[in-house]
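1. Everything below, folded, please.
(2 chains)
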Amino acid sequence: MKKDSLFYTVLVSVVFAFLFVYLLSLAYGATKGKVEENQKLIEARAYLVAAGIEVDNGMDIEASFNSSFPNFDTESAYQTTTVKGKSVVVSPFKGNGLWGTITGVIGLTSDLRRIVGFEIVTHVETPGLGGRIDETWFKDQFKGEYAEKGIIVKHGAGGGDTDPDNGQVDGITGASRTSDAIQVIVNNQIDILKKDLGGMN
Amino acid sequence: MNDDSPVQILKNNIWYSNPIFIQILGICSTLAVTNNLTNTVIMTVGLIFVAVFTNLTVSLLKNLIPRKVRMILQTLIIAFYVIIVDILLRAYLPEVSKSLGPYVGLIITNCIIMGRAEAFAQSHGPLISMWDGVTSGLGYMWVLMIIAFVRELMGFGTLFGITVLPAGFTPWTIMVMAPSAFFLLGTFIWVAKTIILRQEAK
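-> The predicted structure follows:
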């Protein structure tokens, strides 16, 4: 068969495309369980962090999750639990970042006055810039932050805002759009919870 | 010396025709990932992996591929290996996969891989093509590591995430952002070219 003929060209293209995609689907299928397991662990860890529970590397996240959220309700928009005698409302959030969806989990005191914990689960922000929302110093700023009137992500010096009473956290230098997105997402989530839990106050 | 001897290929890819500062390939990732040494290492290791196997595959299949569609098939092969890297990271190194995010996918657009597949693997045997992939990747790696070293040190005061500069150090914000990679890369090319020109003059 002539190598430059139309038939041969189409045949080779189709066969190669099929072959490589088939191999990919095999690889995907083989690792699917493992990937889902990892994702579950990341989410479980995020719930624990959001509830204000200290998570260290050696701990059994699954066991700790099951004991902290014994009545986990997948239908509900939020979970309630008690950590160190205080009741906490933990809810997963979702919103638009600069490049794509940012998902995570946020925990608030049951009167919705203060944030207990904040954790990012997935994001596709620019590594090194917006991607730094996933760094500990950034997320730690939310711990204990006064949030009754929402929070403000401000253009700070980049070192983190340590005052928990001003309702402000430092944004990421060089990533204003992602920082603004976080402000919108967090405030939206607080509003949603206020509506859902309105009767409780 | 023969241009295709393994030693000469090593010398060419590491220095005399380095993909970054002579061929000026793969610059987008040079600008993007080099503000952090850890991400740079993972990115370059990923690139070496993809370059090696793409070169091997292209070299093995070169006689079967019609000229008209060879570039699109090269892209298919590159995309295949990049997705494999992504899948492996997701399954076995979830933390790394999380921090690297969309940049693994961007290896596909790295011109070094396409360039080496087209310029080398198309006309050479499988083993030497793999060697070319390794050395091209290393040539990319060492330049990026130096740029990332300066950027992370000046931009965050850390190396591999460990604080090394005293607390009083004010981080240079510009080093975290893409423009600093332009300045550093420009300086790097200037220094490297000066050395090469001096060597040639002798």
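
2. what is the rounded mean pLDDT of stretch B:144-153?
-> Averaged across stretch B:144-153, pLDDT comes to 91.

3. which residues in the chain form helices?
-> By default, I'm working from chain A. Applying DSSP state H to chain A gives helices spanning A:6-50, A:61-68, A:136-140, A:176-196.

4. Not quite, go with chain B.
-> Ranges of helices in chain B, per DSSP H, are B:6-11, B:27-33, B:37-61, B:70-92, B:94-100, B:111-119, B:126-156, B:173-176, B:178-201.

5. Out of the ones you listed, flag the one nearest A:Q183.
-> Among the helices of chain B, the nearest to A:Q183 by Cβ to Cβ is helix B:173-176 (20.5 Å). C-betas here are computed from N, CA, C, even on glycine.

6. Pull that closest one out as CSV, backbone CA atoms only.
-> Taking C-alpha atoms only, helix B:173-176 is exported to CSV below (Å, rounded to 0.1, in the frame of the first residue of the first chain):
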residue,chain,number,x,y,z
THR,B,173,7.0,40.4,45.2
ILE,B,174,8.2,40.9,41.6
MET,B,175,10.1,37.6,41.9
VAL,B,176,6.9,35.7,42.5
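
7. re earlier: format the helices of chain B as TSV; extra columns: distance to A:T9 and mean neighbour count.
-> Output for the helices of chain B, formatted as TSV (distance: least, Cβ to Cβ, whole Å; neighbours: other Cβ atoms under 10 Å in any protein chain shown):
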stretch	distance to A:T9	mean neighbour count
helix B:6-11	32	15
helix B:27-33	31	20
helix B:37-61	14	22
helix B:70-92	10	19
helix B:94-100	36	18
helix B:111-119	18	21
helix B:126-156	23	21
helix B:173-176	48	18
helix B:178-201	40	13
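
8. Columns distance to chain A on top of these, output as JSON lines?
-> Below are the helices of chain B laid out as JSON lines (distance: least, Cβ to the nearest Cβ, whole Å):
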{"stretch": "helix B:6-11", "distance to chain A": "27"}
{"stretch": "helix B:27-33", "distance to chain A": "6"}
{"stretch": "helix B:37-61", "distance to chain A": "6"}
{"stretch": "helix B:70-92", "distance to chain A": "4"}
{"stretch": "helix B:94-100", "distance to chain A": "4"}
{"stretch": "helix B:111-119", "distance to chain A": "14"}
{"stretch": "helix B:126-156", "distance to chain A": "9"}
{"stretch": "helix B:173-176", "distance to chain A": "5"}
{"stretch": "helix B:178-201", "distance to chain A": "9"}
